[in-house]
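Chemist: please find the sequence and the predicted model below.
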Amino acid sequence: MNPESQPRWLNRTVWGMAVTSFLSDLGHEAQSVLLPGFMAALGLPPLALGAVEGLADAASSFMKLGAGWFSDRLGRRKGLVVGGYLATGAASGIIALAWGWPMIAAGKLFGWIGRGLRGPLRNALLTDSIPKEALGRAFGFHRFGDTLGAILGPLAVVGLLSWLLRHGLNPLAAHRQLIAWTLVPGILSGLVFAWMVKERARSKPKVLSFRHALSQMPASFRSYLGTVGVFGAGDYAHTLLILAATQLLTPTLGAAKAATLGGLLYVLHNVIYALSTYPVGALADRLGHHRRLLGLGYAVSVAVPLLMAYAFWQQSSSLLLLALAFSLAGLVNGVQDTLEGAATGAMAPQAHRGLAFGLLGGVNGLGDLLSSLIVGGLWTVHPIWGFSYAAIMMALGAGMMLRSHRLTREPEPLG
């Protein structure tokens, strides 16, 4: 293919995916900020939050595995992605009606099954639509759009929650109303994807069994997934950071102000995330070392649970310490989400990209289940135990990723 016929990386499809993710995250990240307070208002313990998040991530991971492989066989992905976005948006309506953790879990499961359906297929569509040398930039730009929504959504609901509480609405009713409104951007995201994203024509795929398709994955990719899984076993859901900040701040500020500041700290987390994604992706493209930068990001992430463990040990309500922890968490999440996708796109055979991204999502989902349940469970003993476990597993994953990069050359993108 000559240079003139190469597709531009910042094309209509990339823009469409960024706008779609902006709207989707506007809704479900706002919901993420509201969920800990909503569950607390219902009298549910931290373990319930960890269990809901973990079970939803597990359901999402299993869906990612099947959806990626199925889309490779089907040869079409766009319609399934649209359905996934609509399901994730509709989940807010279910959660808003809940009076206990089972219905919250049902809403989360429904939404995250939709998320699992859309994730690997969207990433495969993105990889197919851009030049191979621009993977980091394209994934970084997409994550920027995603996280811009994750900034504005929580910022809006924190302000609205504070306003509703000041005007006399009880916390449960205020949380319920705001969660219901997150349905709107969620549904819009599916409609925008249907309108803006173009699916490139593909040759009729060769039908392979799941097991046979799995065998086509390079050994380096399978090793990479194992390392991602080890790190993920300690990479707890960051909604637990909101809960931690709220618990630490409540004794000095009161529950209402603590919840507001917890939400604002999460906004800070998302601002740092948004600012990091594109520069990290562009740097990785320039250096040609997606996995080495990813390993460095993993290593930095260990500081977050250590800071939170220290905060609980000292019973510290220092906003400076909490802001540092949330900022580092946002930075490493930006590195992780951008470069895990770019590295997968670089290593995956073109004919099996859907399965490759499904495997990545499945491994991450299994790690999220383990980490959320274990950290949430240990939290019931003491939060220090939960964060210490997370730090150990994340450090192990970082060491494995850095070691694997030294032992193997960064693969050239296939197809």
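Modeler: The structure has been received and is ready for your questions. Numbering: from 1, shown residues only.
Chemist: which parts of the stretch 301-415 of the chain are helices?
Modeler: Under the criterion DSSP state H, counting those that start in this stretch, the stretch 301-415 of the chain carries helices at the ranges 303-314, 319-347, 353-381, 383-407.
Chemist: helix or strand with the lowest mean pLDDT in this protein?
Modeler: Comparing every helix and strand of the chain by mean pLDDT, DSSP states H and E singles out helix 210-215 as the least confident one, with a mean of 70.
Chemist: give me the distance from the helix or strand that it is followed by to the chain's centre.
Modeler: The C-terminal neighbour of helix 210-215 among helices and strands, as given by DSSP states H and E, is helix 219-232. On the basis of Cα atoms, centre = their mean, to the nearest Å, helix 219-232 is displaced by 17 Å from the centre of the chain it belongs to.
Chemist: list the buried residues in stretch 76-93.
Modeler: For stretch 76-93, the neighbour count (16 or more other Cβ atoms under 10 Å) marks 77-78, 80-82, 84-93 as buried. Bear in mind the C-beta positions are built from the backbone N, C-alpha and C, glycine included.
Chemist: scratch that, stretch 174-194
Modeler: Neighbour-count burial for stretch 174-194 [16+ other Cβ under 10 Å]: 174-176, 178-179, 181-183, 185-190, 192-194.
Chemist: what about that stretch, start to end distance?
Modeler: Between the start and the finish of stretch 174-194 there is a gap of 33 Å, counting by Cα to Cα, to the nearest Å.
Chemist: ok, stretch 344-360 next?
Modeler: End-to-end distance of stretch 344-360: 8 Å, with Cα to Cα as the criterion.
Chemist: now do it, average pLDDT.
Modeler: Taken as a whole, stretch 344-360 has an average pLDDT of 80.
Chemist: for stretch 165-185, same thing?
Modeler: When pLDDT is averaged over stretch 165-185, the result is 89.
Chemist: ok, residues contacting that stretch?
Modeler: Residues outside stretch 165-185 that contact it (Cβ atoms under 8 Å, 6 or more residues apart in numbering): 23-24, 26-28, 30-31, 34-35, 37-38, 41-42, 89-90, 92-93, 95-96, 149, 153, 157, 160-161, 164, 256.
Chemist: now list the buried members of these.
Modeler: For these, a neighbour count by 16+ other Cβ under 10 Å gives the buried set as 23-24, 26-28, 30-31, 34-35, 37-38, 41-42, 89-90, 92-93, 95-96, 149, 153, 157, 160-161, 164.
Chemist: on that earlier part again, ok, so of the buried residues of stretch 76-93, who is nearest residue 323?
Modeler: Using Cβ to Cβ, the shortest approach to residue 323 within the buried residues of stretch 76-93 belongs to residue 92, at 28.5 Å.
Chemist: you'd agree the closest one is up against residue 32?
Modeler: No: taking contacts as Cβ atoms under 8 Å, residue 92 lies outside contact range of residue 32: 11.0 Å.
Chemist: what's the burial count for residue 168?
Modeler: Counted with other Cβ atoms under 10 Å, residues neighbouring residue 168 total 7.
Chemist: now it. Its backbone dihedrals?
Modeler: For residue 168, the backbone dihedrals (degrees, to the nearest 10) come out as phi 90, psi 0.
Chemist: start the count at 15, not 1, going forward
Modeler: All set: I'll call the first residue 15, so the last point we hit is now residue 182.
Chemist: what separates it from residue 171, distance-wise?
Modeler: As for residue 182, its distance to residue 171 is 18 Å (criterion: Cβ to Cβ, to the nearest Å).
Chemist: and residue 307, which of the three is it?
Modeler: Reducing the assignment to helix, strand or coil with DSSP: H, G, I helix; E, B strand; the rest coil, the entry for residue 307 is helix.
Chemist: so where's the protein uncertain?
Modeler: 15-21, 68, 89, 215-224, 227, 419-429 (pLDDT under 70).
Chemist: let me see the ranges of the strands in the stretch 65-214 of the chain.
Modeler: Under the criterion DSSP state E, counting those that start in this stretch, strands are not mapped anywhere in the stretch 65-214 of the chain.
Chemist: tell me where it has helices.
Modeler: Taking DSSP H, counting those that start in this stretch as the test, the helices found in the stretch 65-214 of the chain are 92-110, 115-142, 149-180, 185-195, 197-210.
Chemist: figure out which of the ones you listed is closest to residue 65.
Modeler: helix 115-142 (7.5 Å).
Chemist: and the angle for the closest one with helix 92-110?
Modeler: Counting by axes from the mean of the first three to the mean of the last three Cα atoms, to 10 degrees, helix 115-142 lies at 160 degrees to helix 92-110.
Chemist: just the buried residues of helix 115-142, please?
Modeler: Buried residues in helix 115-142, counted by 16+ other Cβ under 10 Å: 115, 118-142.
Chemist: which other helices and strands contact the helix or strand hosting residue 54?
Modeler: Applying DSSP H and E as the criterion places residue 54 in helix 26-55. Helix 26-55 sits against helix 60-88, helix 92-110, helix 115-142, helix 149-180, helix 185-195, helix 197-210, helix 253-267, helix 269-301, with contacts defined as 3 or more Cβ pairs under 8 Å, 6 or more residues apart in numbering; DSSP states H and E.
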